[in-house]
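>>> Give me a 3D structure for the following:
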Amino acid sequence: MATTKLKISERPGLDVMVADGIRGKILSGDLECGAHLIEAEFAREFEVAHGTVRAAFKLLQGEGLVEYRPRRGMFVVSLEPDDVLELCSLRDSLETLGAKLAAQNATDADRTKLKKLLDDLRKAVNRKDRRACIELDMAFHRFVVDLSGHKRLQQMYAQLEFQVRLFMVLTESFHSNLTDIMTLHEPLVSAIVSGDAQRAAMLSADHNKPDGEALAAALRAKDVRASA
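As a prediction, the model looks like this:
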């Protein structure tokens with residue numbers, strides 16, 4: 001089978017590829033929150049110029065994954081308890097609107113795909129594949145938002161996506177029993193598939209609140225220990 005070659009204009013820039021690499025390290029947990037990002041080290045690792053690494057940092061900064069600290073440099077974002085709660089409340093608000101509109105607008109083909117995503121998530125849960133659970137969980141909620149047909153909602157959710165994925169990584173340890181994931185998602189799919197917009201919105205309203213409150217509490221306890 002012939003391969004399709006990208007035109008030069010279609011190929012991602014080096015800064016995008018470096019950003020992809022660093023983002024992968026953050027979302028896999030290889031780079032922890034608060035880790036110092038040394039420009040020279042990434043330039044050597046990816047065999048690129050320092051300016052390319054700086055451009056990659058800018059992309060990641062726009063995604064909310066890294067932050068600049070004056071006179072110190074770039075760091076993986078450090079989430080404070082208030083940051084976590086803000087992220088959760090914003091995510092729940094966006095997903096609530098998305099679920100409500102998805103229940104109203106989904107076609108038969110959309111419902112079939114949504115049930116397939118749920119089935120894929122169930123299979124990942126059954127084989128205890130935590131990494132796949134995170135990826136499928138994100139894909140599930142992204143698809144629900146896509147079903148809304150609300151372009152500005154989709155744009156806002158896309159801007160938040162990588163922060164949401166980081167949140168999922170940080171809260172993964174709170175789910176010792178992965179079947180909790182299905183308990184959260186099965187009723188939501190049922191509501192959307194049945195066209196019950198009110199129930200879909202209600203189920204989404206606090207979908208992430210328990211994890212958010214647990215992570216915020218863990219961060220507060222960590223701060224207490226650090227100051228003791």
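
>>> For stretch 180-187, buried residues please.
Residues 181, 184-185 are the ones in stretch 180-187 that count as buried (16 or more other CB atoms under 10 Å). C-beta: built from backbone N, CA, C; applies to glycine.

>>> And the contacts of that stretch?
118, 121-122, 125, 133, 137, 140, 175, 199, 203, 207 (CB atoms under 8 Å, 6 or more residues apart in numbering).

>>> What of stretch 31-44?
18, 22, 25, 48-50, 52-54, 56-57, 66, 72-79, 166, 170.

>>> okay, now the domains of this structure?
Following automatic domain parsing, the chain resolves into domains at 12-76, 81-227.

>>> Check the burial of Gln198 by counting its neighbours.
Residues near Gln198, counting by other CB atoms under 10 Å, number 10.

>>> so which strand or helix has it?
In this assignment (DSSP states H and E), Gln198 forms part of helix 197-205.

>>> Show me what that helix is packed up against.
On a contact count with 3 or more CB pairs under 8 Å, 6 or more residues apart in numbering; DSSP states H and E, helix 197-205 meets helix 81-105, helix 179-193.

>>> After that helix, which helix or strand is next?
helix 209-227.

>>> coming back round to it: format the buried residues of stretch 180-187 as CSV; extra columns: pLDDT.
Conversion of those to CSV gives the following (pLDDT from 0 to 100):
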residue, pLDDT
Ile181, 91
Leu184, 92
His185, 96
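
>>> Surely Ala55 and Asp15 touch.
Yes: with contact defined as CB atoms under 8 Å, Ala55 counts as touching Asp15 (3.7 Å).

>>> quick one: common contacting residues for the two?
With CB under 8 Å, 6+ apart, Ala55 and Asp15 have no common neighbours.

>>> List only those of the contacts of stretch 31-44 flagged as buried.
Here, 16+ other CB under 10 Å leaves 18, 22, 25, 48, 52-53, 56-57, 66, 74-77, 79, 166, 170 buried among the contacts of stretch 31-44.

>>> rewinding a little: which one of the helices and strands packed on helix 197-205 is the most hemmed in?
Using mean count of other CB atoms under 10 Å, the stretch among these with the greatest mean number of neighbours is helix 81-105 (a mean of 20).

>>> Show me what that one is packed against.
By 3+ CB pairs under 8 Å, 6+ apart, helix 81-105 packs against helix 130-147, helix 151-171, helix 179-193, helix 197-205, helix 209-227.
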